[in-house]
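> just a sequence and a predicted model for now, questions to come.
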Amino acid sequence: MGWLGIAPIIFIFGIFYFLMILPQQRRQKKGAAMLDQLKTGDKVTTSGGLRGTIIALKDDSIHLRVPPDNLRVEVTKASVMQVTTAEEETKTK
């Protein structure tokens, strides 16, 4: 009788874990791996919509060269949302 009252709660927690918690953990690991692999010369897009080329890396920030005037902007690494490769650029053009 005691298991019948606890079983639905365990079942609901299992559903939440597999549908919400596990995918979020995977996204965080993938994002952290992307930030660890940043290097000078990579073209990135930030969460604020800036697109630029990395010209310098620091511990928790990066320096971007932003066209058209080649402005130098410092942003946090955490604001990088996407790294654009040369292959992706040719597909969009």
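Cool, got the structure. Numbers count the residues shown, from 1 in each chain.
> pull the helix or strand with minimum mean pLDDT from the protein.
Least confident helix or strand of the chain, by mean pLDDT, DSSP states H and E, is helix 86-92 with a mean of 61.
> my guess is residue 44 meets residue 63, correct?
No. Using CB atoms under 8 Å, residue 44 is not in contact with residue 63, being 11.3 Å away. Every C-beta, even on glycine, is put in place using the N, C-alpha and C of the backbone.
> list residues touching both of the two?
Residues within reach of residue 44 and of residue 63 at once, by CB atoms under 8 Å, 6 or more residues apart in numbering, are residue 54.
> looking at the two, which is more packed in?
Using other CB atoms under 10 Å, the more surrounded residue of residue 44 and residue 63 is residue 44, with 21 against 16.
> gap between the more buried one and residue 10?
According to CB to CB, to the nearest Å, residue 44 and residue 10 sit 43 Å apart.
> helices and strands around the helix or strand hosting residue 29, which ones?
Per DSSP states H and E, residue 29 falls inside helix 22-36. Packed against helix 22-36 by the contact rule (3 or more CB pairs under 8 Å, 6 or more residues apart in numbering; DSSP states H and E) you find strand 80-84.
> tilt between the strand it packs on and helix 22-36?
Strand 80-84 and helix 22-36 are oriented at 70 degrees to each other (axes from the mean of the first three to the mean of the last three CA atoms, to 10 degrees).
> flag every buried residue along strand 80-84.
Using 16 or more other CB atoms under 10 Å as the test for burial, strand 80-84 gives 80, 83.
> one more: stretch 48-58?
Applying 16+ other CB under 10 Å to stretch 48-58 flags 52, 53, 54 as buried.
> from those, which is closest to residue 2?
Nearest to residue 2 among those is residue 54, at 58.5 Å by CB to CB.
> contact partners for the nearest residue to the closest one once chain neighbours are set aside?
Leaving out its chain neighbours, the residue that sits closest to residue 54 by CB to CB, 6 or more residues apart in numbering is residue 42, at 4.9 Å. Contacts for residue 42 (CB under 8 Å, 6+ apart) come out as 53, 54, 83, 84.
> sounds good, over and out.
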